[in-house]
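> What follows is a protein structure lacking sequence information:
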């Protein structure tokens, strides 16, 4: 359940950004979460609601953009989609895939008033 | 949460920790605060008769382009702060030639027993300090201290992992010697500690032969994040159906670059190769430090030469 630690960090980043932009209220928080990032999106939503309570982000909507996973084959160099952290290359049939996208965990932007 | 360093006032307890403590932030800022403090949130006062009406724009309209709201780009890694603490820890280790390992596994894989045995084999040759992460109790730190080396227990409460900030505090408390070995035993958990860099040089994952051979496939994040795997409790292999070759092959499917050692902390088999690997790491850290000291000396000599010439 490291989603709670991540949610607290998201709220901290949102509070800091809101303060810097002299916002009164945060309406929306937009995150980018990669499919290979070991984050359970539903757990993160739940934890965000708890972590945001009593902060400027309390009433905000959480929008999560899921970034699809992709990997590069270490044998043939092909780039292929990945659903898991590891996999074998379907192009050359067996090369080990190195994740190249889908591991991100970022706060992209916030909508403030 | 502390608004300067972000440390939770929650349930994390560092042994012997007073409620008030001092932080040195990655940018060099030092601040002291007490835990259990009032949160210093940013409050706004609005003259709307106490109500907040988000639909009331300048023209009391919702026409496109007239919304009061605006988007603020953030583009920040959620773990950026942890990574900054970790980088600071790593810089501290590198400047002093300290070799730091983050030992991770599920509960019961034998992390503490393995550390105790490793310490016994190495303590006459190198200074060692140990950080023990557990949700509760200081049993593990007591086991380590019984070997004669300093250990600090961090209780994470409900927290499922150590983070870079906690380890920074532990460094400040333990003050590891130059050229020493710094061992971090993470909370027993094969999921969460994978995401949190502590500033270590290597994550060492322990898989015991009483677990399943497919564990690296079930928990791939950790075996990807690690670069060393210890297959522990190997003295039990004759009594089990566990296929050590299959376990190793599964781990390499997830991470082909893994260095694997098969060890028995109880009987000592395989411990020599593991301890040699640590000794090589210590030597490399020492060489790196000597190199940076030499580079600094050369730079000083060059500056002095320039000063003398001007």
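Yep, that arrived. All values reported here derive from a predicted model rather than from experimental measurement. Numbering: from 1, shown residues only, chains lettered A, B, ... in the order given.

> Show me the shaky parts of the chain.
Going with chain A. Residues of chain A that meet the criterion pLDDT under 70 lie in A:1.

> my bad, the chain I had in mind was chain B
B:1-11, B:17-67.

> Just say helix, strand or coil for the residue nearest to residue B:119 when sequence neighbours are not counted.
Closest residue to residue B:119 apart from its sequence neighbours, by Cβ to Cβ, 6 or more residues apart in numbering or on different chains: residue B:147 at 4.7 Å. C-beta here means a position set from N, CA and C on the backbone, and glycine is covered the same way. With DSSP: H, G, I helix; E, B strand; the rest coil as the basis, residue B:147 sits in coil.

> quick one, what contacts the nearest residue to residue B:144 once chain neighbours are set aside?
Nearest residue to residue B:144, sequence neighbours excluded (Cβ to Cβ, 6+ apart): residue B:151, at 3.8 Å. Going by Cβ atoms under 8 Å, 6 or more residues apart in numbering or on different chains, residue B:151 touches B:129, B:130, B:131, B:132, B:140, B:141, B:144, B:145.

> Would you format the residues you listed as TSV with neighbour count included?
Listed next are the contacts of residue B:151 as TSV, based on neighbours: other Cβ atoms under 10 Å in any protein chain shown:
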residue	neighbour count
B:129	23
B:130	28
B:131	29
B:132	29
B:140	20
B:141	23
B:144	25
B:145	16
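
> Now, those that are in helices?
B:140, B:141, B:144, B:145 (DSSP state H).

> Now the residue nearest to residue B:119. Its backbone dihedrals?
Dihedral pair for residue B:147: phi -80, psi -10, per degrees, to the nearest 10.

> For the helix or strand harbouring residue B:249, name the packing helices and strands.
Using DSSP states H and E, residue B:249 sits in helix B:244-254. Here helix B:244-254 touches helix B:215-218, helix B:220-225, strand B:228-232, strand B:259-262, going by 3 or more Cβ pairs under 8 Å, 6 or more residues apart in numbering or on different chains; DSSP states H and E.

> is chain A contacted by the third one?
By that I understand strand B:228-232. No. Residues of strand B:228-232 are not located near chain A by Cβ under 8 Å from any Cβ of the partner chain, the shortest gap being 14.1 Å.

> who does that strand pair up with?
strand B:202-208 (parallel), strand B:259-262 (parallel) (DSSP bridges).

> After the last one, which helix or strand is next?
Towards the C-terminus, the helix or strand next in line after strand B:259-262, according to DSSP H and E, is helix B:271-309.

> Okay, angle between that next one and strand B:202-208 too, please.
Helix B:271-309 runs at 170 degrees relative to strand B:202-208, counting by axes from the mean of the first three to the mean of the last three Cα atoms, to 10 degrees.

> Please compute how far stretch B:161-173 lies from its chain's middle.
The chain centre lies 7 Å from the centre of stretch B:161-173; the measure is Cα atoms, centre = their mean, to the nearest Å.

> now what about it, what contacts it?
With contacts defined as Cβ under 8 Å, 6+ apart, stretch B:161-173 is touched by A:2, A:5, B:5-7, B:12, B:14, B:16-17, B:21, B:24, B:81-86, B:88-89, B:92, B:131, B:133, B:152, B:154, B:156, B:182, B:184, B:186-187, B:189, B:192-193, B:195-199.

> Which among those residues count as buried?
A:2, A:5, B:5-7, B:12, B:14, B:21, B:81-86, B:88-89, B:92, B:131, B:133, B:152, B:154, B:156, B:182, B:184, B:186-187, B:189, B:192-193, B:195-199 (16 or more other Cβ atoms under 10 Å in any protein chain shown).

> Would you mind listing the buried residues in the helix holding residue B:249?
B:244, B:247, B:248, B:250, B:251, B:252, B:253, B:254.

> With distance to residue A:9 added, can I get those in TSV?
Formatted as TSV, the buried residues of helix B:244-254 follow (distance: Cβ to Cβ, whole Å):
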residue	distance to residue A:9
B:244	39
B:247	34
B:248	36
B:250	32
B:251	30
B:252	33
B:253	32
B:254	27
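
> any idea which of the residues you listed is the one closest to chain A?
Closest to chain A out of those is residue B:254 (4.2 Å), distances taken as Cβ to the nearest Cβ.

> now the strand or helix carrying residue A:71, how far from the chain's geometric center?
Using DSSP H and E, residue A:71 maps to strand A:69-73. Centre-to-centre, strand A:69-73 and its host chain are 18 Å apart (Cα atoms, centre = their mean).

> Can you list the strands that it pairs with?
Strand A:69-73 is paired, per DSSP bridges, with strand A:79-82 (antiparallel), strand A:97-101 (antiparallel).

> what comes into contact with that strand?
For strand A:69-73, contacts defined as Cβ under 8 Å, 6+ apart pick out A:34-36, A:78-84, A:87, A:89, A:91-92, A:95-103.

> Can you turn the buried part of the residues you listed into a ChimeraX selection?
Those of the contacts of strand A:69-73 that count as buried under 16+ other Cβ under 10 Å are selected in ChimeraX with:
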select /A:34,35,36,80,82,84,87,89,95,96,97,99,101,102,103
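
> Excluding chain neighbours, what is closest to residue B:226?
Counting by Cβ to Cβ, 6+ apart, the nearest residue to residue B:226 once its immediate chain neighbours are dropped is residue B:205, at 3.8 Å.

> Touching, the one you found and residue B:102? I think so.
No. Contact between residue B:205 and residue B:102 fails when scored by Cβ atoms under 8 Å: they sit 9.6 Å apart.

> Who has more neighbours out of those two?
residue B:205 (31 against 27; other Cβ atoms under 10 Å in any protein chain shown).
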